[in-house]
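Colleague: Sharing a sequence plus its predicted fold:
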Protein chains: 2
Amino acid sequence: MARITDLALTADVVLFRLAEDTLTVLLIQRHNEPFAAMWALPGGFVDAGETLEEAARRELTEETGAADIPFFEQLYTFGDPGRDPRGRVISVAHLAVVPPGRVAVTAGDDAADVSWYPASSLPPLAFDHDIIISYALKRLRYKLEYADVVFHMVPEVFTLSDLQQAYETILGEPLDKRNFRRKMLQADILDDTGDVRTGEGRPAKLYRLRPDAQPEVKARRLFP
Amino acid sequence: MARITDLALTADVVLFRLAEDTLTVLLIQRHNEPFAAMWALPGGFVDAGETLEEAARRELTEETGAADIPFFEQLYTFGDPGRDPRGRVISVAHLAVVPPGRVAVTAGDDAADVSWYPASSLPPLAFDHDIIISYALKRLRYKLEYADVVFHMVPEVFTLSDLQQAYETILGEPLDKRNFRRKMLQADILDDTGDVRTGEGRPAKLYRLRPDAQPEVKARRLFP
DNA sequence: GCAATAGTGTCTGTTAGACAGTATGGC
DNA sequence: GCCATACTGTCTAACAGACACTATTGC
């Protein structure tokens, strides 16, 4: 066999966000061929001089307006021959999350439309993007147990009920309230802000992630 | 910025093997520029029509003779601009392991020489291969806790001392013998072959991994 | 006082980690 | 009987999971 002649490199992003009790993924409706008018992950070709993550962030911003995302990491590289009808296109997929309401998205550039879709009911997707999202979801759930990523999916200040809701939505299963609170508080990674949030029912204490919580501390296995 | 004009795609392999009480990595001495005569990971350009893993396996075999490796998975993609003086070269790194003595390596093709180096004392390496190996080692140690990979690094039939030795060598720390054996046996993933290995000292029972041990079973966290 | 949500405590079984001596075989 | 290695058991502390009621606020 011979070296590839039509090689191209893209960086794509699976961006998750919680909306009430639904886990959603940011998708764009493609403007151009191939798969014009179908939904797809934001992403695009890597430019000379930029890293893979820079390319992924840039494309995300150009296509959807989402910018400055703290949790952003490489996920997996999808490169099977035939995954793109245009030729040999390698996609370096990234995993990112934002807190609720954090990103006001607007279609730009190559995107005819932009929308958050529930991860559990996605439209038909271009390329192998359905596989990429499945993989991203698996990784997200897995990472949840190490207690870092979830704090990028809730507001900076949150109640324990918020936090539990986030866990339950992502994992797709209910957790026991008393055990959840015990473990979270014993993990010693939360600061009590002293404030409460009022609304319906009894006011709830507000917490934030301890700013000095070291990565290793945060990485304690919370839900084995 | 513009699309990349000099893009190339390589697949590289970090292959680990245990040799007595040392963890070793397979390296090749480069034959061609750039970095001619320096040591590097086996790997090379992906051909049209092959998957990334196929390319990695083919290059490994061409350069070193190592073939048919059961544990072989994608590790991470390294694509910073400037990591290769020839232009924009994206490396999809793979992680693989073999049991002791499993691979008789011989230099082929692009390799002037092939050798197993202790992971703890590597020679100066071409490209960013030192970073890739660090990352692979971190992942290997991490994966060890989930008890699948280690069984690809010991002979098909092994004693509990063999297994403990493998863990200790990879993790770089001693483990308590009684606790180790208790956990391994309680995990219910080992078959007693009924045979023993004699030699110096008291004969040791030989075990093998239970063939029906499901991935999920194997994936139980053994050493948190 | 009712609705709604926040918050709390105990028991039980399992597991992890610390720790030292006995058993078996070859010579 | 000596050397080398395999093998074994107990105690303690921490943790996970099951489980139901009380507390506080707004109305």
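Modeller: Right, received. Where do you want to start? Since we're looking at a predicted model, the values are computed, not measured. Numbers count the residues shown, from 1 in each chain, chains lettered A, B, ... in the order given.
Colleague: Identify the residues contacting A:Ile28.
Modeller: The neighbours of A:Ile28, taking C-beta atoms under 8 Å, 6 or more residues apart in numbering or on different chains as the test, are A:Trp39, A:Ala40, A:Leu41, A:Pro42, A:Glu63, A:Thr64, A:Ala107, A:Asp110, A:Ala111, A:Ala112, A:Asp113, A:Val114. (Glycine included, C-beta is placed from N, CA and C.)
Colleague: Any of those residues buried? List them.
Modeller: In terms of neighbour count (16 or more other C-beta atoms under 10 Å in any protein chain shown), the buried residues within the contacts of A:Ile28 are A:Trp39, A:Ala40, A:Leu41, A:Pro42, A:Glu63, A:Thr64, A:Ala107, A:Asp110, A:Ala111, A:Val114.
Colleague: Can you list the residue ranges for helices in chain A?
Modeller: Secondary structure of chain A (DSSP state H): helices at A:52-64, A:129-144, A:160-171, A:177-186, A:215-218.
Colleague: among those helices, which is nearest B:Phe16?
Modeller: Taking C-beta to C-beta as the measure, those were each checked against B:Phe16, and helix A:129-144 came out nearest at 22.9 Å.
Colleague: Run the chain-centre distance for the closest one.
Modeller: 9 Å (C-alpha atoms, centre = their mean, to the nearest Å).
Colleague: before we move on, the earlier item: out of the buried ones among the contacts of A:Ile28, which comes closest to A:Lys143?
Modeller: Closest approach to A:Lys143 among the buried ones among the contacts of A:Ile28 (C-beta to C-beta): A:Leu41, at 18.6 Å.
Colleague: Dihedrals phi and psi, the closest one?
Modeller: Taking degrees, to the nearest 10, you get phi -70, psi 140 for the backbone angles of A:Leu41.
Colleague: and the gap between it and B:Gly49?
Modeller: Distance, A:Leu41 to B:Gly49, using C-beta to C-beta, to the nearest Å: 25 Å.
Colleague: what's the answer for A:Asp212, then?
Modeller: From A:Asp212 over to B:Gly49 (counting by C-beta to C-beta), the distance is 52 Å.
Colleague: who has more neighbours, the two?
Modeller: A side-by-side neighbour count of A:Asp212 and B:Gly49, using other C-beta atoms under 10 Å in any protein chain shown, places B:Gly49 first with 13 against 8.
Colleague: you'd agree the more buried one is up against A:Pro81?
Modeller: Yes: with the criterion set as C-beta atoms under 8 Å, B:Gly49 and A:Pro81 qualify as a contacting pair; they are 5.2 Å apart.
Colleague: For the residue lying closest to A:Ala36 once chain neighbours are set aside, which residues are in contact?
Modeller: If you skip the residues right next to it in sequence, A:Ala36 has A:Arg30 as its closest partner in space, 5.5 Å away by C-beta to C-beta, 6 or more residues apart in numbering or on different chains. When the contact criterion is C-beta under 8 Å, 6+ apart, the partners of A:Arg30 are A:Ala36, A:Ala37, A:Met38, A:Trp39, A:Ala40, A:Asp110, A:Ala111, A:Ala112, A:Ala126.
Colleague: Tell me what A:Arg30 is bridged to.
Modeller: The partner list for A:Arg30 in beta bridges (DSSP bridges) reads A:Ala111.
Colleague: Return the per-residue confidence for it.
Modeller: The predicted local confidence for A:Arg30 comes out at a pLDDT of 93.
Colleague: per-domain residue ranges of chain A.
Modeller: Taking automatic domain parsing as the domain assignment, the record places the domains of chain A at A:8-131, A:149-218.
Colleague: coming back round to it: can you redo the helices of chain A as TSV with mean pLDDT and distance to B:His152?
Modeller: Shown next, in TSV, are the helices of chain A (pLDDT from 0 to 100; distance: least, C-beta to C-beta, whole Å):
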stretch	mean pLDDT	distance to B:His152
helix A:52-64	96	29
helix A:129-144	96	21
helix A:160-171	97	30
helix A:177-186	96	34
helix A:215-218	51	28
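Colleague: Can you check which of these gets nearest to B:Leu190?
Modeller: The stretch from the helices of chain A with the least distance to B:Leu190 (C-beta to C-beta) is helix A:129-144; that distance is 25.9 Å.
Colleague: Could I get the contacting residues of the nearest residue in space to A:Phe180 that is not next to it in sequence?
Modeller: Closest residue to A:Phe180 apart from its sequence neighbours, by C-beta to C-beta, 6+ apart: A:Gln164 at 5.0 Å. Under the criterion of C-beta under 8 Å, 6+ apart, the neighbours of A:Gln164 are A:Leu175, A:Lys177, A:Phe180, A:Arg181.
Colleague: and DNA strand C, which of the residues you listed contact it?
Modeller: A:Lys177, A:Arg181 (C-beta under 7 Å from any atom of the strand).
Colleague: By neighbours, which of the contacts of A:Gln164 wins?
Modeller: A:Phe180 (19 neighbours).
Colleague: which pair in the buried ones among the contacts of A:Ile28 spans the largest distance?
Modeller: Within the buried ones among the contacts of A:Ile28, A:Leu41 and A:Ala107 form the most distant pair, 14.4 Å apart (C-beta to C-beta).
Colleague: give me every residue that touches A:Pro99.
Modeller: By C-beta under 8 Å, 6+ apart, A:Pro99 lies in contact with A:Arg17, A:Leu18, A:His152, A:Met153, A:Val154, A:Pro155, A:Glu156.
Colleague: and what of A:Lys177?
Modeller: Taking C-beta under 8 Å, 6+ apart as the criterion, A:Lys177 is in contact with A:Gln164.
Colleague: what are the pairing partners of the longest strand that chain A contains, and which direction each?
Modeller: Using DSSP state E to assign secondary structure, the strand with the most residues in chain A is strand A:8-19. Strand A:8-19 sits in its sheet next to strand A:22-30 (antiparallel), strand A:43-45 (antiparallel), strand A:89-98 (parallel), going by DSSP bridges.
Colleague: Same question for stretch A:7-25: list its buried residues.
Modeller: Along stretch A:7-25, these residues count as buried under the neighbour rule (16+ other C-beta under 10 Å): A:7-18, A:23-25.
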